[in-house]
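>>> output the structure for:
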Amino acid sequence: MTGAAPTFVLASASPRRLELLRQIGLRPDVVDPAALEEHPLKGETPERLAERAAREKARVVALRHPESFVLAADTVVAVGRRILGKPENESEARRMLLFLSGRRHRVYGGIAVVAPGGRMATRLITTVVTFKRLTADEIESYLAAGEWQGKAGAYAIQGRAAALIRFLSGSYTNVVGLALHETMSLLSGLGYRPR
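Alright, predicted model coming up:
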């Protein structure tokens with residue numbers, strides 16, 4: 001027993017999550033994505049999907065790092081029960097932006113932390129976001145910038161889409177990819193102390 005502090009593992013390939021953690025002084029020792037596909041189960045609500053996906057990612061990566069603190073997260077964008085995933089092409093991104101135009105939607109963030117020894121804590125965060133009514137020019141300009149690629153709901157609030165958001169209630173960092181206040185609460189509650 002060396003008495004070394006447990007390592008901190010981020011179970012995500014998202015550069016946004018890594019940047020958010022660094023913003024508050026948390027630097028994962030290891031980045032080890034779970035590489036799981038997040039598809040809703042039959043009848044599963046968007047919020048349950050976000051929480052379940054985060055739990056499953058954390059579990060998978062914790063098996064590879066049993067003596068570490070493992071943080072996993074998942075973000076789901078939804079209008080009612082309709083989930084807006086990551087668009088596969090520009091045409092699908094255009095449809096999503098048209099659908100979100102002038103409409104309120106929710107961003108669900110599932111967070112799961114596994115402590116050394118296997119104890120897990122989870123949290124579900126909900127942020128309400130409303131887009132302004134988008135003109136055809138605004139949509140085409142946004143698509144041309146390419147920010148829609150790899151983003152749930154086809155937008156990145158931390159980029160050009162910030163000018164298209166009329167209203168937001170809840171955690172801004174949840175919409176970016178990781179609710180920081182809740183993440184720190186979960187880590188602290190399980191005994192993690194930043195080095």
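
>>> what is the biggest helix by length in the chain packed up against?
Using DSSP state H, we find that the single longest helix of the chain is helix 46-64. If contacts are counted by 3 or more CB pairs under 8 Å, 6 or more residues apart in numbering; DSSP states H and E, helix 46-64 sits against strand 69-79, strand 104-114, strand 120-131. The way it works is simple: take the backbone N, C-alpha and C, and place the C-beta from them, glycine included.

>>> model confidence over it, on average?
The average pLDDT within helix 46-64 is 97.

>>> mean pLDDT, distance to Leu178 and mean neighbour count for the helices and strands packed on helix 46-64 - can I get that in a markdown table?
Shown next, in a markdown table, are these (pLDDT from 0 to 100; distance: least, CB to CB, whole Å; neighbours: other CB atoms under 10 Å):
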| stretch | mean pLDDT | distance to Leu178 | mean neighbour count |
| --- | --- | --- | --- |
| strand 69-79 | 97 | 5 | 26 |
| strand 104-114 | 98 | 7 | 24 |
| strand 120-131 | 98 | 9 | 18 |
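
>>> give me the buried positions along the longest helix of the chain.
Within helix 46-64, the residues scored as buried using 16 or more other CB atoms under 10 Å are 46-62.

>>> show me what contacts the closest residue to Pro40 other than its chain neighbours?
Spatial nearest neighbour of Pro40, chain neighbours left out: Leu49 (4.7 Å); criterion: CB to CB, 6 or more residues apart in numbering. Leu49 makes contact with 38, 40-41, 74, 76, 83, 108, 110, according to CB atoms under 8 Å, 6 or more residues apart in numbering.
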